[in-house]
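sequence? don't have it. structure:
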Ligand code: ADP
Ligand code: GN1
Ligand code: MG
């Protein structure tokens, strides 16, 4: 039996599922945590499902702090949703504690496991099949931002220090190129050069933050389309998931990461780069919906910097994939050789596309400025 299976069995024994467990299977397409869907068989014969996750030890050094953040945020969101007449059991995640009452379970190998109810009657999309769907995800992420606007930001731990510090991400890439532990740098010189050529860009949002032009807010920081569950009947965004990186950040990060992942018609790891293109229609649809969901909370400066959010999140993600490729794929899950390099290449192509259409992106955002 492999180590993960042993740990999974321990975790299955640590929680009270309220009914016999009939199976636990790998689930979803997340790159970070080990996610399993657990099926149970209660007496009424209606299967109840749960999401059991081993938090990534490569990404999260302090699962205690991470879970304190998540419990604080999910409790708060649940209360806000109820106040607005919503159903917290469908619209917010809920942490289920292990039998010993701790926030999470630690297995004998040191792995940290958490449990959530499976949010049923939802669909997790991997690509924006229609502009309406993409817009619905934008409304949900905008609303998420709005719901957390009064959350006490100083109580949140920085679960991944410098998560969206693009300057720091570039510095880490340079260090990886320098040390080149696997001798892979020779195979990706154009990609390395692409990132180095954009060194100045890496400071644009950080400079605006340091100057006080862009305010820190509580943000999600990982707003991929597959981190929002869509209602299978209405098509609206139902529940924002993957709260590991809810931390103080810039609102343009949340906007930008959604554009990076969703405003195109290709997979993040598409190898035919001719299929990798920014879709301006999807960009426009998301912009309108995100701002609607955020309920007018964005300042003119934030709106002005939205295109920068898109470009920087894409550039930064490319830098991160490339760094991980160089150091041996230790952070993002991979399923094939060169997977992180392939992912990096799609990000470079999207950045180039954004640059080619920069005036249009700015014009779309400018329509929403108040001043
Ligand atoms: P990762 O950080 O690895 O992306 P996620 O928390 O996003 O981990 O979970 C991975 C996938 O599992 C999601 O994209 C989604 O498909 C599914 N998932 C996670 N939590 C739930 C939930 N409570 N209900 C239904 N599906 C979920
Ligand atoms: C990871 O966890 P997941 O798969 O939703 C990563 C994001 C990247 C994304 C790229 C905690 O998102 O930052 O943008 O992969 N999450 C973390 O697909 O690093
Ligand atoms: Mg995820």
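Nice, thanks for sending it over. Everything numeric here is computed off the predicted structure, so don't read it as measured data. Numbers count the residues shown, from 1 in each chain. Ligands and ions are numbered 1, 2, ... in the order given.

In this structure, which residue is most central in space?
residue 222 (2.2 Å; Cα atoms, centre = their mean).

does that one really touch residue 256, like I thought?
No: using Cβ atoms under 8 Å, residue 222 is not in contact with residue 256, being 11.4 Å away. Using the backbone N, CA and C atoms, a C-beta is placed for each residue, glycine as well.

Please report how far the closest residue to residue 195 other than its chain neighbours lies from residue 176.
Excluding its sequence neighbours, the residue lying closest to residue 195 (Cβ to Cβ, 6 or more residues apart in numbering) is residue 319, at 5.2 Å. Using Cβ to Cβ, to the nearest Å, residue 319 is found at 10 Å from residue 176.

Tell me which of those two has more neighbours.
Using other Cβ atoms under 10 Å as the criterion, residue 319 and residue 176 rank with residue 319 on top: 29 against 22.

which residues does that one contact?
Residue 319 is in contact with 166, 169, 170, 172, 173, 195, counting by Cβ atoms under 8 Å, 6 or more residues apart in numbering.

Going by distance to ligand 2, which of the residues you listed wins?
Nearest to ligand 2 among these is residue 169, at 10.5 Å by Cβ to the nearest ligand atom.

Just give the nearest non-adjacent residue to the closest one, would you?
Leaving aside its sequence neighbours, residue 169 sits nearest to residue 319 (Cβ to Cβ, 6+ apart; 4.8 Å).

pLDDT score for that neighbour?
On the pLDDT scale, residue 319 is placed at 99.

do residue 46 as well
Residue 46 is given a pLDDT of 77.

Any idea how many residues pack against it?
Residue crowding around residue 46 was assessed by other Cβ under 10 Å; the count is 9.

Residue 120 now?
Neighbour tally, residue 120, other Cβ under 10 Å: 12.

Okay, and it sits in which element?
If you go by DSSP states H and E, residue 120 is not part of any helix or strand.

residue contacts, it?
Residue 120 makes contacts with residue 49, as judged by Cβ under 8 Å, 6+ apart.

and it, how far is that from ligand 2?
20 Å (Cβ to the nearest ligand atom, to the nearest Å).

cool, residue 246 as well?
Counting by Cβ to the nearest ligand atom, the gap between residue 246 and ligand 2 amounts to 11 Å.

which residues in this protein form strands?
Secondary structure of the chain, counting by DSSP state E: strands at 21-26, 34-40, 48-54, 105-106, 112-117, 122-123, 217-219, 228-231, 237-240, 247-249.
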